[in-house]
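Undergrad: coords please:
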Amino acid sequence: MHEETERIAGDAFSIALPGKLDNRIFDADGNTAGRIEKLLIDVNNGLIRYTEVKLLEHGSVRLPWATLLAKKSGGYTLSPIGKALIDSARSRKQSKSKS
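TA: Next up is the predicted model:
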């Protein structure tokens, strides 16, 4: 098994992605929201279930793959639900850092 690949449960795997431009996540306004770090794959069903996204300023968050709306030049665009999830994660991480 490749060193960047890790079995996480049963037939599910986590695959780390190198930091490339096409791993960037954009919000609906075209602003960079973060970068995909890992894909969590269900090999039995051939599906990407989750992505680990490193946020620009506030750590990482796990997002369902379905929240990524579309591939675009230089990265992916978030759906409105994905943007809300990232905004929520940013708020939680900011409140924890202020405590």
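
Undergrad: which residues does I36 bridge with?
TA: V53 (DSSP bridges).

Undergrad: and if you look at the one 4 residues further on?
TA: On the basis of DSSP bridges, L40 takes part in beta bridges with S14, Y50.

Undergrad: neighbours around it, how many?
TA: Each residue near L40 was counted by other CB atoms under 10 Å, and the total is 20. Any C-beta I mention is one placed from the backbone N, CA and C, and that applies to glycine too.

Undergrad: pLDDT wise, what is it at?
TA: Predicted confidence (pLDDT) for L40: 83.

Undergrad: distance check, it against T32.
TA: Going from L40 to T32 by CB to CB, to the nearest Å gives 22 Å.

Undergrad: pull the CA coordinates from stretch 41-56 and hand them back as PDB.
TA: What follows is stretch 41-56 as a C-alpha-only set of coordinates in PDB (Å, rounded to 0.1, in the frame of the first residue of the first chain):
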ATOM      1  CA  ILE A  41     -12.900   6.400  -0.300                       C
ATOM      2  CA  ASP A  42     -15.400   3.600   0.000                       C
ATOM      3  CA  VAL A  43     -13.800   1.000  -2.300                       C
ATOM      4  CA  ASN A  44     -16.700  -1.400  -2.100                       C
ATOM      5  CA  ASN A  45     -19.100   1.100  -3.700                       C
ATOM      6  CA  GLY A  46     -16.400   3.000  -5.700                       C
ATOM      7  CA  LEU A  47     -17.400   6.300  -4.100                       C
ATOM      8  CA  ILE A  48     -15.500   9.200  -2.600                       C
ATOM      9  CA  ARG A  49     -17.400   9.700   0.700                       C
ATOM     10  CA  TYR A  50     -15.600  12.600   2.400                       C
ATOM     11  CA  THR A  51     -12.800  15.100   1.800                       C
ATOM     12  CA  GLU A  52     -10.500  16.500   4.400                       C
ATOM     13  CA  VAL A  53     -10.200  20.200   3.600                       C
ATOM     14  CA  LYS A  54      -7.500  22.400   5.100                       C
ATOM     15  CA  LEU A  55      -9.000  25.800   5.700                       C
ATOM     16  CA  LEU A  56      -6.800  28.900   5.000                       C
END
